[in-house]
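**Student:** here is my input; please provide its structure:
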Amino acid sequence: MRLLVVGKLSGQLSTAVKMAMSAGAKVSHVETIEAATHALRAGQGADLLMVDYDLDIAGLISANEAERIRAPVVACGIAADPKRAADAIRAGAKEFIPLPPEAELIAAVLSAVSDDNRPMVVRDPAMQQVIQLADQVAPSDASILITGESGVGKEVIARYVHQKSRRAGKTFISVNCAAIPENLLESELVGHEKGAFTGAQNRSSGRWIGKFEEANGGTLLLDEISEMDARLQAKLLRAIQEREIDRVGGSKPVKVDIRILATSNRDLAQAVKEGTFREDLLYRLNVVNLRLPALRERPGDVIAMAEFFVKKYAAANGMGEK
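**Tutor:** A predicted model of the protein is given here:
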């Protein structure tokens, strides 16, 4: 979820941003509606705009539409003035969030938009069987290994499992193990204490919270787990077994309550034979395997997906479907 906040970032709006980040949103910020449209025109993606209702929301939506940019807008404002909130909705905002914010409301709005942007488009029996198994295992806390070729929708099914789980109201955190340099991945996952290594950044508490702690109470997705080096695999195994982590430079373990989902486009059983992946970690991750068939293996979904994308991009570009 990519959230663009528009308005002066202070006070209660800043609090709302922190709550959104805790709910898993990737947040960027501009102060004016002109800057918002410019950022979107320049290629900065956004799944949702959260805009101060003191700004010209109608003008923002109009300017975006002129550029064929369609991103939903939610308005926010202090004191929840009914008239101004109603004006914001009439101007085109989908929802209104009163400030000071409630964490549950922020999470609900982000979840609703996330569901809209990542729908499950399923018609073929082969994929329907995958969804049926996902529905069966989602309520448990069992680790799930999601496998399949690149582009088959492994993260989509991971988010689907989270939304169907008992942790749906909590944070969903995704980490791409292949995209983060090996020397930074450990700190990204488990965090670090102040001064743990040269260049270590810290928050006011003197430590940097890693993704395991950010996902506490919710779900952590380790995308492309096969790219994780052997040393970190050992730490991950301990985290799954003991439900605790050790921050880089830390002196005591930190308890975490998370559900682990992992994805891979490689054959991990073969990686075990080659000595690049731990067999005991594979055993712990692969409690349930969701194998997503490639599109060529589920021809019944081709027309369904074509129809979905025609509607989506026709709406996004202000054009008819024919």
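**Student:** which residue of the protein sits farthest from its center?
**Tutor:** When distances are taken from the C-alpha mean of the chain, Lys83 lies farthest, 33.6 Å away, according to Cα atoms, centre = their mean.
**Student:** gap between that one and Tyr53?
**Tutor:** Plainly put, Lys83 is 10 Å away from Tyr53 if you go by Cβ to Cβ, to the nearest Å. C-betas here are computed from N, CA, C, even on glycine.
**Student:** before we move on, the earlier item: list phi and psi for the residue farthest from the centre of the chain.
**Tutor:** For Lys83, the backbone dihedrals are phi -70, psi -50 (criterion: degrees, to the nearest 10).
**Student:** how about the one 10 residues further on?
**Tutor:** Comment: the main-chain dihedrals of Ala93 come out as phi -70, psi 140, following degrees, to the nearest 10.
**Student:** grab the nearest non-local neighbour of it.
**Tutor:** Ala75 (4.1 Å; Cβ to Cβ, 6 or more residues apart in numbering).
**Student:** am I right that the one you found sits in a helix?
**Tutor:** No: counting by DSSP: H, G, I helix; E, B strand; the rest coil, Ala75 falls outside a helix, being strand.
**Student:** so Gln12, which of the three states?
**Tutor:** helix.
**Student:** that one reaches Pro101, doesn't it?
**Tutor:** Yes: using Cβ atoms under 8 Å, Gln12 is in contact with Pro101, at 6.8 Å.
**Student:** higher neighbour count, the two?
**Tutor:** Taking other Cβ atoms under 10 Å, Gln12 and Pro101 do not tie; Pro101 has more neighbours (20 against 15).
**Student:** you'd agree the more buried one is in a strand?
**Tutor:** No: Pro101: not assigned to a strand; according to three-state DSSP it is coil.
**Student:** wait, it touches Ser22, no?
**Tutor:** No: the criterion here is Cβ under 8 Å, and Pro101 misses it with Ser22 at 11.3 Å.
**Student:** lowest average confidence across helices and strands of the chain, where is it?
**Tutor:** strand 207-208 (a mean of 58; mean pLDDT, DSSP states H and E).
**Student:** span of stretch 3-20 from start to end?
**Tutor:** Terminal residues of stretch 3-20 lie 8 Å apart, using Cα to Cα, to the nearest Å.
**Student:** just the residues contacting it, thanks.
**Tutor:** 25-33, 35-36, 39-40, 44, 46-52, 54-55, 60, 71, 76, 78, 97, 99-101, 103, 106-107, 110 (Cβ atoms under 8 Å, 6 or more residues apart in numbering).
**Student:** ok, how many other residues are close to Arg167?
**Tutor:** The burial count for Arg167: 21, using other Cβ under 10 Å.
**Student:** pretty sure it contacts Ala215?
**Tutor:** No: using Cβ under 8 Å, Arg167 makes no contact with Ala215, being 9.3 Å away.
**Student:** which SS class is the closest residue to Asn265 other than its chain neighbours?
**Tutor:** Spatial nearest neighbour of Asn265, chain neighbours left out: Ser150 (5.0 Å); criterion: Cβ to Cβ, 6+ apart. Put simply, Ser150 is coil when judged by three-state DSSP.
**Student:** do Leu185 as well
**Tutor:** Classified using three-state DSSP, Leu185 is helix.
**Student:** while we're on it, how confident is the model there?
**Tutor:** At Leu185, the pLDDT value in this model is 78.
**Student:** number of nearby residues for it?
**Tutor:** Leu185: 21 neighbours (other Cβ under 10 Å).
**Student:** that one and Arg284, how far apart?
**Tutor:** As for Leu185, its distance to Arg284 is 19 Å (criterion: Cβ to Cβ).
**Student:** which residues are in contact with both of Lys83 and Tyr53?
**Tutor:** The overlap between the contact sets of Lys83 and Tyr53 (Cβ under 8 Å, 6+ apart) is empty.
**Student:** so what's Arg291 up against?
**Tutor:** Val130, Ile146, Thr147, Gly148.
**Student:** so which of these sit within strands?
**Tutor:** Applying DSSP state E to the contacts of Arg291, the entries found in strands are Ile146, Thr147.
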